[in-house]
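Q: below is the structure, and that's it, no one-letter string:
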């Protein structure tokens, strides 16, 4: 005899009352049959007792009848198992996550060949600290923008995942999430297990290594001053936007100026102005580092600012400031950086190395980026490389040419008739110990080449390849002082070292001679 088995992978109890009724019917006993003597009734026909026909009911009818006796529908949080963000992938279709909104973008409008629309993003964090970015368009954006509130915890389901664009992603996750109008979002009351905004804090005296890079930084500092709000006219669209500058300090003994924009300038900035005399501590996430006034910081659309946050670092900083910091002479990091550039970086960076120090250690930068300064000469610039990319004039991100005309920007979610060219090239540099290839981005490449990417493209098209190659050769065999970062990236399943120029300066020979004399003095001391 062959046994057959049925494996059920999905089942659900449709109604507890129905289950109880079925079990009750099974246990119900029939009454005993009592035999009576048959009456002898000649010529009398007993009346027929007509019983009503037993109605056969479907399961759905029974469920509907019993619905009034059942408990109310349980919320999403009680009916589904919560999935950690790290376990999600694009091939899962049925999941529930419990996350905190740690960053909320503005509701933006866009226009492209398909018409107009709106979009906004949120960054979500689960209890393990894993983050993911979720994007909503049009009806979904209008539906969920007022629902998602910064700092609150939600259950989310019926979303979809796709591989994240590594060039533009804002969190450390291989995937990004999309939510349409059919997604389910429920607020989770009283949840404290999921962390608030997570910070990767950088000391103010270490900001110099981030100048010119794309990486955003988080800082915590004591407010030293708050300026009134100013109105600044934006060059891109001639729109007037509010701006406010604050100066903060930390226990590295340095201060830095931070520009707050839009709502952070008008609302949070005004709150800081009202309490500036008490020297509040602020924690600011996602700040852009620029070389304006040496080093300065600026908020971007995703930046968040917390006043007197419940952070261990903030409490320690406040204790330091109250005990000794307020009586300490605090110097602006920007002024020091400006002097460092004029003096060949010598006063700021004591970590100058030779190229061999980097190239001899292939595993360098594997865990986190490391930074060095070095004196090297550009020995070769390949003329046949992809020297630039097409960029959006608004946000500088890569654009794609659309069918017909125009260029589509994924970051701005709009189509423009024009774009600009921005450098993204590699150069070979040499010093007495060896040579290496450096990656160079637009701002530093313009200083090295001596013209913009648009101008170099014009030279190539109008004056020919000879003039183009000559322009590149003019930039070679010129010494520079480089500030570089060393990281690891994967190419064809192989780990490779990447050296990226973070800042560069021409050699000031007087300052360089003084630096060499100081190094000689140390050797002979």
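A: Arrived safely, thanks for sending. Keep in mind that what you see is a predicted model, and the values were worked out from it rather than measured.
Q: quick check: the gap between residue 424 and residue 147.
A: Distance, residue 424 to residue 147, by Cβ to Cβ, to the nearest Å: 39 Å. Yep, even glycine has a C-beta here, placed from its N, CA and C like the rest.
Q: looking at those two, which one has more neighbours?
A: Comparing residue 424 with residue 147 by other Cβ atoms under 10 Å, the one with more neighbours is residue 424, at 18 against 12.
Q: spatially nearest residue to the more buried one (excluding sequence neighbours)?
A: Excluding the flanking residues, the one nearest residue 424 by Cβ to Cβ, 6 or more residues apart in numbering is residue 389, at 5.5 Å.
Q: list the contacts for the one you found?
A: Applying Cβ atoms under 8 Å, 6 or more residues apart in numbering to residue 389 gives the contacts 398, 421, 422, 424.
Q: now do residue 430
A: Here residue 430 is in contact with 355, 376, 377, 379 (Cβ under 8 Å, 6+ apart).
Q: let's see 6 Å
A: Neighbour list for residue 430: 377, 379 [criterion: Cβ atoms under 6 Å, 6 or more residues apart in numbering].
Q: going by neighbour count, list what's buried in the helix or strand hosting residue 461.
A: Per DSSP states H and E: residue 461 is located in helix 453-463. Of all the residues in helix 453-463, those buried under the rule 16 or more other Cβ atoms under 10 Å are 453, 456, 460.
Q: and the second one, what's its pLDDT?
A: Listed pLDDT for residue 456 reads 95.
Q: tell me the SS of the residue nearest to residue 424?
A: strand (DSSP: H, G, I helix; E, B strand; the rest coil).
Q: check for me that residue 326 belongs to a helix.
A: Yes: the assignment for residue 326 by three-state DSSP puts it in a helix.
Q: how close does residue 89 sit to residue 137?
A: 22 Å.
Q: and the two? Which one has more around it.
A: More crowded of residue 89 and residue 137, by other Cβ under 10 Å: residue 137, with 17 against 11.
Q: excluding chain neighbours, give the residue nearest to the more buried one in space.
A: residue 119 (5.1 Å).
Q: next, residue 242: phi, psi?
A: phi -80, psi 150 (degrees, to the nearest 10).
Q: contact partners for it?
A: 229, 265, 266.
Q: closest to residue 259 among these?
A: Among the contacts of residue 242, residue 265 lies closest to residue 259 (Cβ to Cβ), at 8.3 Å.
Q: end to end, how far does stretch 225-233 reach?
A: 24 Å (Cα to Cα, to the nearest Å).
Q: same thing with stretch 203-214?
A: Using Cα to Cα, the two ends of stretch 203-214 sit 18 Å apart.
Q: and the contacts of it?
A: The contact list for stretch 203-214, computed with Cβ under 6 Å, 6+ apart, reads 217, 250, 252, 254, 256, 289, 291, 295, 333, 337, 348, 371, 443, 502-503.
Q: if we go to 7 Å?
A: By Cβ atoms under 7 Å, 6 or more residues apart in numbering, the residues outside stretch 203-214 that reach it are 217, 219, 221, 250, 252, 254-256, 289, 291, 295, 333, 337, 348, 371, 443-444, 483, 502-503.
Q: before we move on, what about stretch 395-406?
A: By Cβ under 7 Å, 6+ apart, the list of residues contacting stretch 395-406 reads 113, 167-168, 389-392, 407-412, 415-417, 419, 422.
Q: go ahead and build a PyMOL selection from the buried members of those residues.
A: Applied in PyMOL, the following selects the buried portion of the contacts of stretch 395-406 according to 16+ other Cβ under 10 Å:
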select buried, resi 389+391+392+407+408+409+412+415+416+419+422
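Q: in strands only, show me the contacts of stretch 395-406.
A: Mapping those onto strands (DSSP state E) picks out 389, 390, 391, 407, 408, 409, 415, 416, 422.
Q: sorry, back to before: can I get the buried residues of helix 453-463 in JSON lines including distance to residue 192?
A: JSON lines is the format used below for the buried residues of helix 453-463 (distance: Cβ to Cβ, whole Å):
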{"residue": "453", "distance to residue 192": "50"}
{"residue": "456", "distance to residue 192": "56"}
{"residue": "460", "distance to residue 192": "60"}
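Q: closest one of those to residue 143?
A: residue 453 (41.5 Å).
Q: roughly how far apart are the closest one and residue 459?
A: Taking Cβ to Cβ, one finds residue 453 at 11 Å from residue 459.
Q: what of residue 313?
A: Counting by Cβ to Cβ - residue 313 and residue 459 are separated by 51 Å.
Q: please apply the same query to residue 402.
A: Counting by Cβ to Cβ, the gap from residue 402 to residue 459 is 27 Å.
Q: do the same with residue 138
A: 44 Å.
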